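1. Using only what follows, build the 3D model:
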Amino acid sequence: MTKQDPSPRAVPLSIVILAAGQGKRMKSELPKVLQPVAGRPLLKHVIDAAHSLEPTATYVVYGHGGDRVREVLKDEQVSWVLQAERLGTGHAVAQATPQIPDDHVVLVLYGDVPLISHATLAELLTLCGPKQIGLLTVILDDPSGYGRIVRNGRDQVQKIVEQKDASRKELQIGECNTGLLAAPAKLLKKWLKALSNDNSQGEYYLTDIIAMAVEDKVAVNPLVAQNVVEVLGVNDKVQLAEVEAAYRGRVTRELMLAGVTVADPARLDVRGPVTHGSDVFLDINVVLEGRVTLGNRVRVGPGCVIRDSEIGDDTEVIAHCVIDSTVIGANCIIGPFARTRPVSTLGRGVHIGNFVEVKNAQMGNDSKANHLAYVGDATVGERVNIGAGTIIANYDGANKNRTTIENDVHTGSNSVLVAPITVGAGATIAAGSTVVKEVPAGKLTVARAKQVTIEDWQRPTKTKK
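-> Residues are numbered from 1 along each chain as shown. The predicted structure follows:
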């Protein structure tokens, strides 16, 4: 997702994000705003949307599970405001407004509405002025559970009525409140002080300020959301999955419009920013997490997970690989069933085959480990061939030790290189060798026990029961 530059504003902006809800319907020990969508907490999505507007300040009103919420999002540039008692949305906003100067515009967002876009918020802010409120609404086929937008005969917004307080006629209204609004801070503070909890919930509704604004001759300017997906809230695991699917669909569509071929849009998961070249192909059940860069003509096979990695031009990642925090050069072939772990670098033309694991290693151009190998904590030169079953024994039980394999080395099948060790350029290690000392350059090294046959040996037999 690309951040758009916000248009200049004459009036300073403060954003209040309401994130104090307990989320009982989630039936989870994890606070609702920390439930993940695309690998990030719900609240993180909303904070990112807020930051895209470049506000003067962003306030997060938190409550249930507050310490955990703050710990998970401790690096975010926000001010945390505690709502010790959950007495309604109006009460929640009132916890933050004393810190907001009167000459600011206040934009209210919700920590469980993660897909709101920069463009919609920017447009909503244009509808707010010294004597104007911007109100985001949505038309729903099934408005059950939502507050209804009540308009007069001239189509002007008069009030918002919550479903539990609505009349039978009002329940027929299809235009609903999203909860998002922008208001001048001075007037907002005045209205918040005047709120009453005389309603079916016994709460201080933020929505009641709309009727107060109308009474004060302040224009309420509605903006009807063009995309319902943007204003979907999350209250249970079903809605969480629906939002995840909506996010997945939106991001996948953007990738395809930018030229990426996706085998099945319903079976691609993107959980972070993706940079890509031309003619990229993504097969089914691919998961892209964190920051991923895919070069020109990269092909990713089915069932692959690529996390915080960069893949060079013309490289193919065959089915069921896990690529984690790795830089892969051009013209490589990875997999199937291969794993690269942090922090690894593979040069141009490297081959990593089935059931090979590379961890914290560098492999030079045109080197290969095609079968059943472990390359851990190693610097591998160019044109090296790691034989089937070769492992680098990098861990002594307490410390990780490093191995250096110079250019043009060949290791035979089932070799063990016990680190720390250096294998000289052009060396060959015979199959089945366990090498524990430096291997000379250009030589054949054999390090295995002499084969012996015991003539009179008999296999033990089991005692019959």
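
2. Could you check how far Gly21 is from Trp80?
-> For Gly21, the distance to Trp80 equals 15 Å [CB to CB, to the nearest Å]. All C-beta spots, glycine's among them, are computed from the backbone N, C-alpha and C.

3. Those two: which is more packed in?
-> Neighbours per residue (other CB atoms under 10 Å) separate Gly21 from Trp80, with Gly21 holding more: 25 against 16.

4. how many neighbours does Ala425 have?
-> The tally of other residues near Ala425 (other CB under 10 Å) stands at 16.

5. Flag the shaky bits of this structure, pLDDT-wise.
-> Residues of the chain meeting the criterion pLDDT under 70: 1-9.

6. cutoff 90 now
-> For the chain, applying pLDDT under 90 flags the ranges 1-11, 21-24, 63-67, 84-86, 144-145, 164-165, 198-202, 396, 449-451, 459-465.

7. Which helix or strand lies directly C-terminal to the longest strand belonging to it?
-> Using DSSP state E, we find that the single longest strand of the chain is strand 175-184. Proceeding N to C from strand 175-184, the next assigned helix or strand is helix 185-193, under DSSP states H and E.

8. Quick check: buried residues in that next one?
-> 185, 187-189, 191-192 (16 or more other CB atoms under 10 Å).

9. Who are the packing partners of it?
-> helix 89-96, strand 105-110, helix 208-215 (3 or more CB pairs under 8 Å, 6 or more residues apart in numbering; DSSP states H and E).

10. contact partners of the shortest one?
-> Counting by CB atoms under 8 Å, 6 or more residues apart in numbering, strand 105-110 makes contact with 9, 11-19, 46, 49-50, 53, 55, 93, 97, 100, 116, 121, 124-125, 128, 179-185, 188, 206, 233, all of which sit outside it.

11. Please repeat the previous calculation with a cut-off of 6 Å.
-> Outside strand 105-110, the residues within contact range by CB atoms under 6 Å, 6 or more residues apart in numbering are 11, 13-18, 46, 128, 179, 181-183, 185, 188.

12. got the end-to-end distance for stretch 73-88?
-> Distance between the boundary residues of stretch 73-88 (CA to CA, to the nearest Å) amounts to 24 Å.

13. What residues sit buried inside it?
-> 73, 76, 78, 80-81, 83, 87-88.

14. Looking at the residues you listed, which one is closest to Ser144?
-> Distance ranking of the buried residues of stretch 73-88 against Ser144, using CB to CB, places Gly88 first at 20.4 Å.

15. Okay, and His45 sits in which element?
-> helix 42-51.

16. Could you find the closest non-adjacent residue to Ile306?
-> Nearest residue to Ile306 in three dimensions, chain neighbours excluded: Ile323, at 4.6 Å (CB to CB, 6 or more residues apart in numbering).

17. what secondary structure does that neighbour sit in?
-> The three-state label for Ile323, taken from DSSP: H, G, I helix; E, B strand; the rest coil, comes out as strand.

18. give me the beta-bridge partners of it?
-> Ile306, Thr340 (DSSP bridges).

19. quick one: it from Asn414, how far?
-> 26 Å.

20. okay, these two: which has more neighbours?
-> More neighbours surround Ile323 than the other of Ile323 and Asn414, with 29 against 16 (other CB under 10 Å).

21. what sits against the more buried one?
-> 306, 309, 340.

22. hmm, try it at 7 Å
-> 306-307, 309, 317, 340 (CB atoms under 7 Å, 6 or more residues apart in numbering).

23. Looking at the residues you listed, which two lie furthest apart in space?
-> Arg307 and Val317 (12.4 Å).

24. These two: who's more crowded?
-> Val317 (30 against 19).

25. is it true that the more buried one touches Val305?
-> No: Val317 is beyond contact range of Val305, at 10.0 Å (criterion: CB atoms under 7 Å).

26. and Asp102, that's in a strand?
-> No: counting by three-state DSSP, Asp102 is located in no strand; its state is coil.

27. measure it to Lys465 for me?
-> 91 Å.

28. who's more crowded, the two?
-> Per other CB under 10 Å, whichever of Asp102 and Lys465 has more neighbours is Asp102, with 12 against 3.

29. which one is that one nearest to, not counting chain neighbours?
-> Lys186 (4.0 Å).

30. What distance do you get for that neighbour to Leu195?
-> Lys186 is 16 Å from Leu195, by CB to CB.

31. list the buried ones in stretch 397-417?
-> Result for stretch 397-417 [16+ other CB under 10 Å]: buried residues 401-412, 414-417.

32. Next: stretch 55-70.
-> 55, 57-66, 69.

33. Just the residues contacting the helix ranked longest in the chain, thanks.
-> If you go by DSSP state H, the chain has its longest helix at helix 237-257. With contacts defined as CB under 7 Å, 6+ apart, helix 237-257 is touched by 26, 35, 37-38, 114-115, 229, 232-234, 262, 265, 268-270, 274.

34. And the helix or strand following that helix, how far out from the chain middle?
-> Counting by DSSP H and E, the next helix or strand C-terminal to helix 237-257 is strand 261-262. Relative to its chain's centre, strand 261-262 lies at 20 Å (CA atoms, centre = their mean, to the nearest Å).

35. Quick one: distance of the helix or strand following strand 261-262 to the chain centre.
-> Downstream of strand 261-262, the first helix or strand assigned by DSSP H and E is strand 268-271. Remark: strand 268-271 is offset 9 Å from the chain centroid, using CA atoms, centre = their mean.
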